[in-house]
Structure formats: structure tokens, C-alpha cells
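In: With the sequence up front, the predicted model follows.
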Protein chains: 2
Amino acid sequence: MTPRLLVTGGTGFVGRPCVNRSAARGAEVHILARAGQGERFHAADLFHAQRVGDVIADIRPTHLLHLAWVTTPGEYWNSPENERWVGASLALLSTFAENGGRRAVLAGSCAEYDWSGPGLCHEFETPLQPATLYGRCKSELFERAGRTRVSLAWARLFHLYGPGEHPTRLVASVARSLLAGDPAECTRGNQSRDFLHVADAADALVSLLFTDVTGPVNVASGSAVPVRDVTRLIGEVVGRPDLLRLGARPTPSGEPRVLFADVSRLSGEVGWRPRIGLAEGIADAVSSWRNDRMAA
Amino acid sequence: MTPRLLVTGGTGFVGRPCVNRSAARGAEVHILARAGQGERFHAADLFHAQRVGDVIADIRPTHLLHLAWVTTPGEYWNSPENERWVGASLALLSTFAENGGRRAVLAGSCAEYDWSGPGLCHEFETPLQPATLYGRCKSELFERAGRTRVSLAWARLFHLYGPGEHPTRLVASVARSLLAGDPAECTRGNQSRDFLHVADAADALVSLLFTDVTGPVNVASGSAVPVRDVTRLIGEVVGRPDLLRLGARPTPSGEPRVLFADVSRLSGEVGWRPRIGLAEGIADAVSSWRNDRMAA
């Protein structure tokens, strides 16, 4: 039987490539988001339980990929919206289960982990000690969603980049500045993170969805790379390394020096590994923003 | 003028691919080692200054790649031989300079850095605080060699693996066990290191040699990967993941959880980046040991 998949946040940065990947795998893909259009697009606000219930009763999805959340850069870390998303997500999951839903993947975050450790985050070994409201709410949802009868995996996403990224986020903002011929004011960049191209992340999420692996699963590259390597790669790809101002902004305090994922579960149990190397991924992202500029 | 290169330790794990790479670039390559044979092979013990002097006066090398050192696994960390190598290396460098030598690359090590930091090692920002005699002697040579009139780069190597690796080292020993159908007793592997295939390392060293970049330069991949990812890759490539015994051995105490290189100098100034990904590199190494077994 063709799986019927409902993707929340299916018009967003991560959602869009997930829709493409799951459609390419032969799923009947429905999108639920606040606004958009198309044959299998369902306009609904996840805070309106009645409307969500009607949509789900109508589609009767077998699979759910729940990506919607408050994600506005600068705001989402401590927005009170985070708390409302816990309730809305639990209501969505119940409605999905009541209407015959069998398998769900929900988006968690590396922000759930204790950031004061050595940097490598493992699903079961690293303590959950979120430093932000965002991390605490994701972690609370993880705990409460685990009580459902649906087969559920909790995908902890690390640092994603790529086409469709919000223009104020790291890779997008540096690339867009350089493409515009403007200097990019950066930190020194000696903090290291786990970078994954969003198309790889989508492929991993969809792969995870169509397994029966349950519980928390880090979705990441599995290696730590200094932020300044990434900004320098952008400089090279754009051909304007001269516009990089490393050290012009202070490194945010309270952020870990090194943060990356142990991907044992993702590679061992899901059988998934990244396909897009950093240099290739950055080149792809820069190319998409260059096209945006030319189309504008 | 064709560069005349002298490689010490040119028959070893790192030396052999360096000889191949520099010959491929058109250099006239001479090898100095204790034992071996060939047209441009010079048998000499680096502790015999007179013999070394004769060889160098005869060749009059323009370039020097000094890789020889005590490297016996398990012994080299604290062997008193390390101290003798400081003197022998300084004598070699003087003789090279006196005979018209112009450019040298010497092999240093990540063991020179303070390992109690966050894990990312930068040539100028991370303190030199070697925890071992090996690290202290390398660091002492670095300081004393810097006073020469030769243009000198000091290549700090991190974790190398690949064909020719000593059979008791990590990647080689796990792969050889699995290829023999024997279980491989490993640590839990949640310590993360910077892994570089030896062919990439050789290419980087030779690239560095033919630039005029001076001072310390990390020669590494620039990313941290947990040791257990590497052992699992070996298990997959050999097709015997069932033989891996993760956690059978304790993680050595006193070793850092995360240790990797900032490769800003290598990528920015030398213009070199790794070409061999971890999965590809492990597959290549395993293939070489499989051939060894078939030839044996």
C-alpha cells in the first residue's frame, strides 16, 4: 500500500526537500502549513485543533513528519511560542493516532543536550540539559510524545544549511553579503559545529521515517568543523575571501566550543550516511543564492 | 631547476607516499634511511653525523623532508630515543643548510599541544603543553629548528591511517583482526580524533614543501570524528561488523575526548584540502590489507 504522508511545515527550509524526497520514494505526500497551495496542500493552523482534526480525518495519513515549530532566528530560542508548540504537537500526534496513523518522525534538536560536556552528543549517553526555552520545550515534547502508541522516532537536528535557509542564519547571511559585494562581519569562528546540507537532512529524515527505528536519533554529519572553515569555504566559492571580516563580531558567550553528533544510530540502525561533502554543499547553496539574485 | 629532495624516513608509513608524490611532481628524490635499496637510496643512520654529512655533501639537496623519528607504537611516547632525535635532527638541518639546502619541512605532532583544552588545536592560539616525552621533544626541536636560516615549515601531523600503517595501530589492527575473522577488542570509541589518509597527508606535506609558508602548519582533515565511527566503517567495509567488540577495552585515561586540527593555515596559505573522504580512505586501506593477506 502506498504510504500516505502528512508533513507539517512542509513549505519550510527542511520541509520542502522532505516533501520532494518522500514523493520521489513513491509516498502520497500531503502538506499541512499555514499558507500555500497545491493539490495536496492543506491550509491549517496547528493551534486550531478542530481544523487539524478535520484535515487528518480527511487524509487518514499512515505516516507523519512533524517539522512545524517556531523557528524565527533570534526569537525562537526563548519565545513563549515554544510552550504552545508542545501542546499543539501533542494534540496533532493524538489526532494522527486516532485516525489510524502508524509511524511518526518529529523534529528535535541538539539544543536538548547538555552543552557543557566535551562536545560529542550521544542520544542516550549525553545528559539532556537544555540551556534555552526552545531546547526545554523540544525535550519536554520528546518525553511526552514517547508515551503514544504510534511508532515514533525523534530526530535531533544539528546545524543545517542550504537553499531556502533563512537569510539571517550563518551560511546564508555570509554568502548573501559576499554575493552582494558587501563585507561579512563574522566571529573568529573557532567554535566547531556539525554541518549538514538540508537535502542530506531531508534524505535522512525520510529514510528514518520508513524504518521502524524508534526513540531519539541524531540527524547530522557526525563530524565537528570550525565555523571559520565554513565561512572561508563560502569566501572561496563566491570568490570574495577579501570581504570576510573574521573576528569583527564577538563569539556569543554561553555557546559550546565544540558541538557535534554521534551518528551511530543513524548510520548503524537507519543505515544512512551523508552524501554531500561540505565543499560541495556550500557550492550548491551559494549557487542557489546566486540564482536568487539573478532572478530578483 | 629540478628540485633535489632528500626524504628521511622515506621507506616508512608516511615517507613512502611522500617519495611517490614528490617524484610525480618532477622532483629528483633521494631517500635516506637505515636500510633499503635503489638508485637514489642512501643507507645512513641519522645518529652518525659523519656518514650523514658525506651523503648530503654528495647529493647537495635543495629541499629536505625530515620524517625519521622513533615511531614504534607503545614505545615512542616515552622512549629516551626521543631526546637523541632532537640532536640528530638539528645536526641534519645544519648540514643541509651548510650544503646549500634552501627549504625544509619537518614532521611535528598534535602531541605538542595542550590536550586539556576544548579539542580544536590552532598553531598559534593553542598552548604548547606536551603531555609526553615524544611531544616535548618534538616541541623542543620545533623551537630550536626555527633558528635556522633555511626556510622551514613544521608540519603537525594528527591521526594518520592507511596502507603501510603499523599493524598494531588503530585502523590497521581492527581491520586485520576482522579480515582474519577474529574479534577486534575496541574501546567504546567515544573519543574523537582527526583522521587523515596517509596519501592525503603525503600530498599535503609535499604541497607544503613547495610553498614558502613557514612556521607550524597543522596537517590534518580539520574535522573531529568519533573513533567508533571509524571502527564501524571498518566493520562495514570488511563485512564483519559482528566481530567488533566495542567497549571490550577501557578508553585510555589521560587522553582528550576530542582532539582535532584547525586547518586554516593548510587550506588558506598552502591552498590544500583533503581529497579522500573517510569512507573511501578506509575502503582503500582495508583493500591493501586484504591484498597483503592474499599475497601471504
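Out: On my side now, so go ahead. Keep in mind that what you see is a predicted model, and the values were worked out from it rather than measured.
In: Leaving out chain neighbours, which residue sits closest to whichever residue of the stretch 151-296 of chain A sits closest to chain B?
Out: The stretch 151-296 of chain A approaches chain B most closely through A:R257 (3.7 Å), counting by Cβ to the nearest Cβ. From N, CA and C alone the C-beta is placed, and that goes for glycine too. Excluding the flanking residues, the one nearest A:R257 by Cβ to Cβ, 6 or more residues apart in numbering or on different chains is B:P118, at 3.7 Å.
In: How about A:G162?
Out: Per Cβ to Cβ, 6+ apart, closest to A:G162 is A:V198, 3.6 Å.
In: name the element the nearest residue to A:P241 once chain neighbours are set aside belongs to?
Out: Nearest residue to A:P241 in three dimensions, chain neighbours excluded: A:G235, at 3.4 Å (Cβ to Cβ, 6+ apart). Assigned by DSSP states H and E, A:G235 falls within helix A:227-238.
In: try A:A199
Out: Assigned by DSSP H and E, A:A199 falls in helix A:198-209.
In: then that helix to CSV, C-alphas only?
Out: Taking C-alpha atoms only, helix A:198-209 is exported to CSV below (Å, rounded to 0.1, in the frame of the first residue of the first chain):
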residue,chain,number,x,y,z
VAL,A,198,19.5,20.4,4.2
ALA,A,199,19.0,18.0,1.2
ASP,A,200,21.0,15.4,3.1
ALA,A,201,19.0,16.1,6.3
ALA,A,202,15.8,15.6,4.4
ASP,A,203,17.0,12.4,2.9
ALA,A,204,17.9,11.2,6.4
LEU,A,205,14.6,12.2,7.9
VAL,A,206,12.7,10.4,5.1
SER,A,207,14.9,7.3,5.4
LEU,A,208,14.3,7.3,9.2
LEU,A,209,10.5,7.6,8.6
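In: Quick check: neighbours of the helix or strand just after that helix in the sheet, parallel or antiparallel?
Out: Next helix or strand after helix A:198-209 toward the C-terminus (DSSP H and E): strand A:215-219. Sheet pairing here is set by DSSP bridges, and for strand A:215-219 it gives strand A:151-157 (parallel).
In: coming back round to it: tally of neighbours for the residue of the stretch 151-296 of chain A closest to chain B?
Out: 18 (other Cβ atoms under 10 Å in any protein chain shown).
In: got a list of what it touches?
Out: Residues counted as contacts of A:R257 (Cβ atoms under 8 Å, 6 or more residues apart in numbering or on different chains) are A:G119, A:N190, A:Q191, A:S192, B:P118, B:G119, B:L120.
In: What parts of chain A come near chain B?
Out: A:118-120, A:122, A:125, A:190, A:192, A:222-226, A:228-229, A:232, A:257-258, A:260, A:262-264, A:267-268, A:273, A:277, A:279 (Cβ under 8 Å from any Cβ of the partner chain).
In: So which of the residues you listed sit within strands?
Out: Using DSSP state E, the members of those that fall in strands are A:L120, A:S192, A:V225, A:P226, A:F260.
In: Could you work out the most separated pair of those residues?
Out: A:L120 and A:P226 (15.4 Å; Cβ to Cβ).
In: Done for today, thanks.
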